[in-house]
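S.K.: Predicted model, plus sequence, below.
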Amino acid sequence: MDKHPNDNPENYPALGRLFLWVDKPGSANKVFWGLAVFCGLLFLADFSYEKHSHFDVEHLPGFYGIYGFVMFTALILVAKTLRIFIKRPEDFYGDKAIDRETYPEDQLEKVDHDVD
Amino acid sequence: MMSIDQFPTAFLFFAGAFALLVLPKGPVRAALLLAVPILAGLQVWGLELGTFNQVEFFGFTLDLMRVDKLSRVFGLIFCLAAFLGNLYAWHVRDTVQQVAALLYAGSAIGAVFAGDLITLFFYWEGTAIASVFLIWARRTEGAYATGMRYLIIQIGSGVILLAGAALYYRETGSIAFEQMTLGSLATWLIFISFGIKCAFPLLHNWLQDSYPAATVTGTVILSAFTTKLAVYALARGFAGTEILIYIGAIMTLFPIFFAEIENDLRRVLAYSLNNQLGFMVVGIGIGTEMALNGTASHAFAHILYKALLFMSVGAVLFRTGTSKASELGGLYRTMPLTAVFCLVGAASISAFPLFSGFVTKSLILDEAGGQHYPIVWAVLVFASAGVLSHSGIKIPFFTFFAHDSGLRPKEAPTHMLLAMGITAFLCIFIGVYPDPLYALLPYEVEFHPYTMAHVVGQLQLLCFALLAFGVLMRTGIHPPEIRCINLDTDWTYRRFMPIVIGGVSRFLSKAWAAQSSFAQTRIRGVISRLYHSHGPEGRMAQSWPTGSMVIWIAVLLGFTLIVNFLS
């Protein structure tokens, strides 16, 4: 499918038009800082209840948050490093591999949204 | 006439597959594909616990229907998965795929209800043979080769199972499929056979190799059965086997790194499937009632949200012709419903509170903590954040949001939306109201997922991980989606072994050629020397006339002698 030549957002489905908010300038910032504030609240929430946990480390305030943040970052960095070693071109296994093939057109229904 | 209650559930699917062939192509067939799993599901729902349908087979008694709470919950979810998969595939008019879908689901259900190892073996191979047609149905050379690799490994698993079963029979005198203890060769063989189908580490790569190669609808169906059948078989045969805890923990861990940098989103989902199996395997390894409940319920929930994710990516592939993250993005504009369903699947697999993964995975996590496996517990919590990274964020974000690919495909067809809608509803329903699922589990459940500590802890884990994603994206550290493939263990049999075998065969053929040319030279030398001495021009030839005369005299004398002797 080619890039759409005469793209008109007014023809999108209603729900799709609603979602267009996410691509407005500044929206990504709002989402990010909104999430940051929510994370702060979750951290504070840790002081509001008594924990009955299996391990001592869970008693640390915000343990899950810190663990999640650190491990997620570590995961991405390790994966990025791993990519250096195992990345190969798509035709590495030759042309008779699905990574090189296009999906058979007759099994698809590639239709643009404004075509009936 | 047998009533339907006494009919093995698997046979309903096989009968359906035969009936399909006489029906005209079109909606009638598609309707039959929906009717069969509904009928089977109702049957399983109404089954009483016990063992039915015993058949004599070469002196063995086969139990075709061993119904207990463990097999029933797997039987039910398999029927549900077959229904949803076939609804998603309503538009397919390819007889091969339709028959394969029924035979495959039927074999998986037959295996779940199998009470002995021989029946299990037959259905085990049945799932292998039926399912490969969902890959070959793509009808490309790449899919053919991939299907071959898949089939060899799957059939191999069955052959190992058969060998194990035979040894097990010699050891114990029984073919009953019950709890086993690892120790003898027999049980190890059976264990490895299950492990191949369950995609244990280093035995896993058939999964990521083959599932992205199947058809749009085929992958959805494949995702439900084979691996969860293996989980069931492990839970039945090896519950409480400690090594499974560590195998499972490794399984949750290593695929998340591969999933993170994989470009084909259906392969990302295959890695993520592998990671989810790890949680179930840990539950089996712990082996307590609560852990096994966790495994069964997580398999149930997992089949639904994994199918939902494969459906949404499949719908994108159906509309755009690609499932590669590097080529997609911004599709929420014109496929908003698919995007929403994908987000529900993503939230479910990430185990956000109010979604299905939360109420099932926490059973396993809690028990890993409760039974005091601190390292395994830490690995599982890390892997939970890892799930979020690829299935929770990567799949929906790089398909439907992120940069605008410029593609403006039409929304998925109605039947696909319906299938995704029902599945999404079930994901939320289980998450909000887990009691009906808990009631289906093998053991009594005394667990409350919605405690303050659970909810806040899980939300912290996920939201801070999301925040980390935000930071990494804003700083440009997050790896971009690029067109490439990554090496995995399939390299050994797609590249390394062919090189080794090719090298050896070249060496052997050269050695053979050298050897035979050496021999030829030698023989030629001998011949020419003989020719030189015995040939027409040779020295020995000088006495030819004398020689032949002597020969003929000898023949005549001999003849005379025989005549004299006889007369």
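M.R.: That came through fine.
S.K.: so where does the closest residue to residue B:362 other than its chain neighbours fall, helix or strand?
M.R.: The spatial neighbour of residue B:362 that comes closest, neighbours along the chain excluded (Cβ to Cβ, 6 or more residues apart in numbering or on different chains), is residue B:449 at 5.2 Å. For the C-beta atoms, the positions are set from N, CA and C on the backbone; glycine is no exception. Applying DSSP states H and E as the criterion places residue B:449 outside every helix and strand.
S.K.: who's in contact with residue B:449?
M.R.: Shown in contact with residue B:449 (Cβ atoms under 8 Å, 6 or more residues apart in numbering or on different chains): B:353, B:358-359, B:362-363, B:434.
S.K.: the strands in chain B, which residues?
M.R.: Secondary structure of chain B, counting by DSSP state E: strands at B:50-57, B:60-67, B:485-486.
S.K.: so which of these is the most packed in?
M.R.: Among the strands of chain B, ranked by average contacts under mean count of other Cβ atoms under 10 Å in any protein chain shown, first place goes to strand B:485-486 (a mean of 22).
S.K.: Give me the helices and strands touching that strand, please.
M.R.: Using 3 or more Cβ pairs under 8 Å, 6 or more residues apart in numbering or on different chains; DSSP states H and E, the elements in contact with strand B:485-486 are strand A:87-88.
S.K.: Relative to the strand it packs on, what are the paired strands and their orientations?
M.R.: Applying DSSP bridges, strand A:87-88 is found paired with strand B:485-486 (antiparallel).
S.K.: Look up the closest residue to residue 61, ignoring the ones flanking it.
M.R.: Let's take chain A. Leaving aside its chain neighbours, residue A:61 sits nearest to residue A:46 (4.6 Å; criterion: Cβ to Cβ, 6+ apart).
S.K.: Oops, wrong one, chain B.
M.R.: residue B:54 is the one closest to residue B:61 (Cβ to Cβ, 6+ apart), at 5.4 Å.
S.K.: ditto for residue B:141
M.R.: In space, residue B:141 comes closest to residue A:96 once its chain neighbours are excluded; the distance is 4.4 Å by Cβ to Cβ, 6+ apart.
S.K.: Pull up the gap between that neighbour and residue B:193, please.
M.R.: According to Cβ to Cβ, to the nearest Å, residue A:96 and residue B:193 sit 30 Å apart.
S.K.: Then residue B:500?
M.R.: From residue B:500 to residue B:193 the distance is 26 Å (Cβ to Cβ).
S.K.: These two - which one has more neighbours?
M.R.: More crowded of residue B:500 and residue B:193, by other Cβ atoms under 10 Å in any protein chain shown: residue B:193, with 25 against 11.
S.K.: ok, that one touching residue B:155?
M.R.: No. Using Cβ atoms under 8 Å, residue B:193 makes no contact with residue B:155, being 11.0 Å away.
S.K.: Residue 9 - how many residues pack around it?
M.R.: Using chain A. Neighbour count of residue A:9, defined by other Cβ under 10 Å: 11.
S.K.: switch to chain B, that's the one I care about
M.R.: What residue B:9 shows, counting by other Cβ under 10 Å, is a neighbour count of 26.
S.K.: just to revisit the earlier point, find the pair from the contacts of residue B:449 with maximum spatial separation.
M.R.: Distances among the contacts of residue B:449 were taken as Cβ to Cβ; the most separated pair is B:353 and B:363, at 14.3 Å.
S.K.: which one of these two has more residues nearby?
M.R.: Using other Cβ under 10 Å, the more surrounded residue of residue B:353 and residue B:363 is residue B:363, with 26 against 19.
S.K.: Report pLDDT for the closest residue to that one other than its chain neighbours.
M.R.: Using Cβ to Cβ, 6+ apart and skipping the chain neighbours, the partner closest in space to residue B:363 is residue B:294 (3.2 Å). Residue B:294 is assigned 96 on the pLDDT scale.
S.K.: Distance of residue B:294 relative to residue B:436?
M.R.: Per Cβ to Cβ, residue B:294 is found 17 Å from residue B:436.
S.K.: out of those two, which sits in the more crowded spot?
M.R.: residue B:294 (29 against 9).
S.K.: now the residue nearest to residue B:305 when sequence neighbours are not counted: how far from chain A?
M.R.: Distances taken as Cβ to Cβ, 6+ apart put residue B:348 closest to residue B:305, at 3.8 Å, once the chain neighbours are dropped. Per Cβ to the nearest Cβ, to the nearest Å, residue B:348 is found 18 Å from chain A.
S.K.: And the helices in chain A, which stretches?
M.R.: Assigned by DSSP state H, the helices in chain A fall at A:14-19, A:27-45, A:63-86.
S.K.: Spell out whether the shortest one and chain B are in contact.
M.R.: Which is helix A:14-19. Yes. Counting by Cβ under 8 Å from any Cβ of the partner chain, chain B has neighbours in helix A:14-19: A:15-16, A:18-19.
S.K.: buried subset of these?
M.R.: With burial judged by 16 or more other Cβ atoms under 10 Å in any protein chain shown, the buried subset of the residues of helix A:14-19 next to chain B is A:16, A:19.
S.K.: Next, format the residues of helix A:14-19 next to chain B as JSON lines and append pLDDT and distance to residue A:67.
M.R.: Below are the residues of helix A:14-19 next to chain B laid out as JSON lines (pLDDT from 0 to 100; distance: Cβ to Cβ, whole Å):
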{"residue": "A:15", "pLDDT": "93", "distance to residue A:67": "36"}
{"residue": "A:16", "pLDDT": "92", "distance to residue A:67": "37"}
{"residue": "A:18", "pLDDT": "91", "distance to residue A:67": "35"}
{"residue": "A:19", "pLDDT": "92", "distance to residue A:67": "32"}
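S.K.: mind listing the helices in the stretch 401-550 of chain B by residue range?
M.R.: Counting by DSSP state H, counting those that start in this stretch, the stretch 401-550 of chain B has helices at residues B:414-432, B:435-440, B:452-474, B:490-491, B:497-534, B:544-566.
S.K.: chain center to the last one: distance?
M.R.: Read it as helix B:544-566. The chain centroid and the centroid of helix B:544-566 are separated by 80 Å under Cα atoms, centre = their mean, to the nearest Å.
S.K.: So which residues on the stretch 151-300 of chain B come close to chain A?
M.R.: B:212-213, B:215-216, B:256-258, B:260-261, B:264.
S.K.: which residues of chain A score low on pLDDT?
M.R.: Along chain A, the model assigns pLDDT under 70 to residues A:1-6, A:116.
S.K.: for the residue lying farthest from the centre of it, what are its contacts?
M.R.: No residue in chain A sits farther from the centre than residue A:50, which is 33.2 Å out by Cα atoms, centre = their mean. By Cβ under 8 Å, 6+ apart, the contact set of residue A:50 is empty.
S.K.: Fine by me, thanks again.
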